[in-house]
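Engineer: Predicted model follows, preceded by the sequence.
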Amino acid sequence: MNLAAYIARRLLLMVGVLFGVLIITFVVSHVIPADPVGAILGGNAPAERVDALRHQLGLDQPLHVQFITYLGAAVRGDLGRSLRTGRPVSRDIGQFFPATLELTLTAIGLAIILGVPLGVISAVTRNRPPDHGARIFSIVGVSMPVFWTGLVFLLLFYYRLGWLPGPGRLDLTLIPPPSRTGFLLFDSLLGCNWEAFRNALAHLVMPAFVLGYLATATIARICRSSMLDVLHQEYIRTAQAKGLRPRVVILRHALRNALIPTVTVVGLVFGGLLEGSVLTETIFAWPGLGRYITTGFLALDYPAVMGGTLYIAVVFSVANLIVDIAYAFLDPKIRF
Amino acid sequence: MRFSTPRSASSASAPGGPRPVRRTEVWRAYLSWRRSPLSVTGTVLIGLLLVVVVAGPLIATHDPLEQNFAVRLRPPGAGHWFGTDQFGRDIFSRVVYGSRIAMQIILIVSLISGVTGSMLGTLAGYFGGRIDEVISRLTDMFLAFPSLVLAMAFAAALGPNLTNAILAISLVTWTPSARLARAEALRIKHQDFVEAARAMGARDPRVIVRHILPSALSVVIVQLTLRMGTIILTAAGLGFLGLGAQPPTPEWGAMVSDGRNYLVDQWWMSTLPGLAIALTVLGFNLLGDGIRDLLDPHLRHARL
């Protein structure tokens, strides 16, 4: 099978998965809540208002009709109207998602920069102190709840030491640069607004590190075990026997192959970061999609919550697709 | 605190030269466990957790729900080891009782998701065809969501309380078990002893219950122990967001959330319950890592 056919097949599979995702969000939003109308209007609304709203939301239709309506709307990108902001959910998501993406991408970048070397060092010095150190560092990382790490960091570096700015994406005293991409870093660069750029960067450090630590651990762990696998193989022994310097053997011969499993895990890690961002954004008052969803819960804003959930699932699926395709590029064996 | 170790352990570790020992699997596992300080630390942490869960009422210094406004917002000290909260409740006692809630969540979630996952996976692997197709696609659907996000949606739709949180976590935790059980069923359904049972006239239900399910369950149980840390983190995350146990229940995640408004001046309210979560998850993860090493034949050969 060639690469194009592989990608086509993967795309087709993803359509199936997305259909499944829509079934789940439909069930969660239309079937499970005993009384969505009651949730919107409150317990003691007059009967005619309840009926009117049921009709307006299409809840008096049979389930399969409701599902087809829901499916059609979702495919057109219509996720309903947020009860809290009164705007279409898709527009809200468009506004909030870039902040989440800026945060998660920075975190994943940090995680790769830290995690890969950590994994390599760990594998090369297996069962010796550097390995123990690196493993402790990463296992502590996956064990700490992000919302707690976030609070501890905030307490320490903002409230006590004052080294880093507090919650939010930008100091309130600064005027945000005009939004073009939604990424504050790019927007401020495009406008040559250095003050805003520096400030936005400083605001990004803590949440990105808190999230990135979580991902560093996973990446380091996978990188370690795949490095160990590779280091056992014959061609490595050959390379060593040829008299190549250990550096060259490790970085050129071993790491390149060990990185392949690491790449697949990045997709998985991205999902972890998306859910981590829900909690991190809450702690750092980061105006992203996660915070949009959690505020939605508190306001009983079901369309916002379900739209956001659906969107995250779609992003996660697309990320996994990209990773799978990258994987196929890196490792020709996968295509067969 | 003592942990169950093989009888011969103390004598073997005493200086006296090598003794001939039968290298059984258990013995081998014990050796590998003892050699890894991380596994030992994990065991100690989980041992401590179990002691706190079982002996909670003896360890707690106060009633976890008792309010006492005379001592509200006290810092950690002699009378209140972890300080008190805005209602004057003793945080140490609340953390101690919180361990029972955490344990309850772990056990029930493991039970529900383990059983559901094993059953569905076994059916899919054993029968194949249509049934497999349906169950596998169902698994894919659930795996398309980051699990906390889906659990949040379920918990929100069901209504926020502890029971629904447990249900929501189970709903997002069964998928890996199903995949494993399916693989295990596929692996053994054509083995001789299964074929023999069938040849002797055993029908599908009997073959599944007597032969396939037990071995699927054993794989699933091991995998569940590796995932207990994640279960607690998800539960704590739900609690933190207000989608888990409701006040005044001393649930760890909810306690961290409670303390947020007092973070600057009363740091202990959020940080100490959070530390309990972190240490518990750390214990499970360290232990899980040790188990993973034991089960990985590659590493085992390299080690012994």
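Structural biologist: In hand now; what should we look at?
Engineer: buried residues in stretch A:128-135?
Structural biologist: A:131-132, A:134-135 (16 or more other Cβ atoms under 10 Å in any protein chain shown). In short, each C-beta sits where N, CA and C put it, glycine included.
Engineer: can you tell me which of those residues are in helices?
Structural biologist: A:131-132, A:134-135 (DSSP state H).
Engineer: So which of these reach chain B?
Structural biologist: A:132, A:135 (Cβ under 8 Å from any Cβ of the partner chain).
Engineer: In terms of helices and strands, where is A:Asn127?
Structural biologist: Under the criterion DSSP states H and E, no helix or strand holds A:Asn127.
Engineer: That one: how many residues sit nearby?
Structural biologist: When neighbours are defined as other Cβ atoms under 10 Å in any protein chain shown, A:Asn127 has 12 of them.
Engineer: For the residue nearest to A:Arg180 when sequence neighbours are not counted, what is the enclosing helix or strand?
Structural biologist: Using Cβ to Cβ, 6 or more residues apart in numbering or on different chains and skipping residues adjacent in sequence, the residue nearest A:Arg180 is A:Asp187, 5.5 Å away. Assigned by DSSP H and E, A:Asp187 belongs to helix A:184-190.
Engineer: near chain B at all, the helix or strand just after that helix?
Structural biologist: Per DSSP H and E, the first helix or strand lying C-terminal to helix A:184-190 is helix A:194-231. Yes. Under the criterion of Cβ under 8 Å from any Cβ, chain B is reached by helix A:194-231 at A:228-229.
Engineer: Return the list of helices and strands in contact with the helix or strand following helix A:194-231.
Structural biologist: As assigned by DSSP H and E, the chain's next helix or strand after helix A:194-231 is helix A:234-241. On a contact count with 3 or more Cβ pairs under 8 Å, 6 or more residues apart in numbering or on different chains; DSSP states H and E, helix A:234-241 meets no helix or strand.
Engineer: show me where pLDDT drops low in the stretch 51-200 of chain B?
Structural biologist: Low-confidence segments of the stretch 51-200 of chain B (pLDDT under 70): none present.
Engineer: Which positions in it make contact with chain A?
Structural biologist: Applying Cβ under 8 Å from any Cβ, we find that the stretch 51-200 of chain B lies next to chain A at B:137-138, B:140-142, B:144-150, B:152-154, B:156-158.
Engineer: So which of those belong to strands?
Structural biologist: Using DSSP state E to define strands, no part of those is located there.
Engineer: Can you turn the buried part of the residues you listed into a ChimeraX selection?
Structural biologist: Only the buried entries of these go into this ChimeraX selection, using 16+ other Cβ under 10 Å:
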select /B:138,140,141,142,144,145,146,147,148,149,150,152,153,154,156,157,158
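Engineer: For the stretch 151-300 of chain B, give the residue positioned nearest to chain A.
Structural biologist: B:Gly274 (3.3 Å; Cβ to the nearest Cβ).
Engineer: how many other residues sit next to that residue?
Structural biologist: 27.
Engineer: can you pull the buried residues of stretch A:279-292?
Structural biologist: A:279-284, A:286-292.
Engineer: Output these as CSV; include the columns distance to A:Ser226.
Structural biologist: As requested, the buried residues of stretch A:279-292 are exported to CSV (distance: Cβ to Cβ, whole Å):
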residue, distance to A:Ser226
A:Leu279, 29
A:Thr280, 28
A:Glu281, 32
A:Thr282, 34
A:Ile283, 33
A:Phe284, 33
A:Trp286, 33
A:Pro287, 37
A:Gly288, 32
A:Leu289, 32
A:Gly290, 31
A:Arg291, 35
A:Tyr292, 37
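Engineer: Looking at those, spot the one nearest chain B.
Structural biologist: So of the buried residues of stretch A:279-292, ranked by how close each gets to chain B (Cβ to the nearest Cβ), first place is A:Leu279, at 5.8 Å.
Engineer: For the closest one, which non-adjacent residue is closest in space?
Structural biologist: A:Phe147 (4.3 Å).
Engineer: One more: A:Ile112?
Structural biologist: Closest to A:Ile112 by Cβ to Cβ, 6+ apart is A:Ile219, at 6.3 Å.
Engineer: Quick check: that neighbour touching A:Gly115?
Structural biologist: Yes. A:Ile219 is in contact with A:Gly115 according to Cβ atoms under 8 Å; the separation is 3.1 Å.
Engineer: Comparing these two, which shows the higher neighbour count?
Structural biologist: A:Gly115 (30 against 25).
Engineer: Am I right that that one is in a helix?
Structural biologist: Yes. Assessed by DSSP: H, G, I helix; E, B strand; the rest coil, A:Gly115 belongs to a helix.
Engineer: Tell me how far it lies from A:Leu59.
Structural biologist: 47 Å (Cβ to Cβ, to the nearest Å).
Engineer: Likewise for A:Thr149?
Structural biologist: 42 Å.
Engineer: more crowded one of those two?
Structural biologist: More neighbours surround A:Thr149 than the other of A:Thr149 and A:Leu59, with 24 against 16 (other Cβ under 10 Å).
Engineer: what residue ranges in the stretch 201-304 of chain B score low on pLDDT?
Structural biologist: Looking at the stretch 201-304 of chain B by pLDDT under 70, you get B:296-304.
Engineer: In chain A, where is pLDDT below threshold?
Structural biologist: A:1, A:32-43, A:332-336.
Engineer: ok now do the residue nearest to A:Ile112, which residues does it touch?
Structural biologist: Contacts for A:Ile219 (Cβ atoms under 8 Å, 6 or more residues apart in numbering or on different chains) come out as A:111-112, A:114-116, A:119, A:262, A:265-266, A:269.
Engineer: And these, which two are furthest apart?
Structural biologist: Using Cβ to Cβ, the two most remote members of the contacts of A:Ile219 are A:Leu114 and A:Val265, lying 14.4 Å apart.
Engineer: Name the nearest residue to B:Asn285, ignoring sequence neighbours.
Structural biologist: B:Gly229 is the one closest to B:Asn285 (Cβ to Cβ, 6+ apart), at 4.5 Å.
Engineer: Could you report the separation of that neighbour from B:Ala235?
Structural biologist: For B:Gly229, the distance to B:Ala235 equals 11 Å [Cβ to Cβ].
Engineer: just A:Leu13 next, same as before
Structural biologist: A:Leu13 is 32 Å from B:Ala235, by Cβ to Cβ.
Engineer: Between these two, point out the one with more neighbours.
Structural biologist: Regarding A:Leu13 and B:Ala235, a neighbour count based on other Cβ under 10 Å identifies B:Ala235 as having more, with 30 against 15.
Engineer: I'd assumed the more buried one was in a strand, is it?
Structural biologist: No. The assignment for B:Ala235, made by three-state DSSP, is helix rather than a strand.
Engineer: hmm, back to that, which helix or which strand is home to the residue of the stretch 151-300 of chain B closest to chain A?
Structural biologist: Judged by DSSP H and E, B:Gly274 forms part of helix B:268-295.
Engineer: Between helix A:194-231 and that helix, find me the angle.
Structural biologist: Interaxial angle, helix B:268-295 versus helix A:194-231 (axes from the mean of the first three to the mean of the last three Cα atoms, to 10 degrees): 20 degrees.
Engineer: Ramachandran coordinates for the most centrally placed residue in chain A?
Structural biologist: The residue lying closest to the centre of chain A (Cα atoms, centre = their mean) is A:Leu274, at 2.5 Å. For A:Leu274, the backbone dihedrals (degrees, to the nearest 10) come out as phi -60, psi -40.
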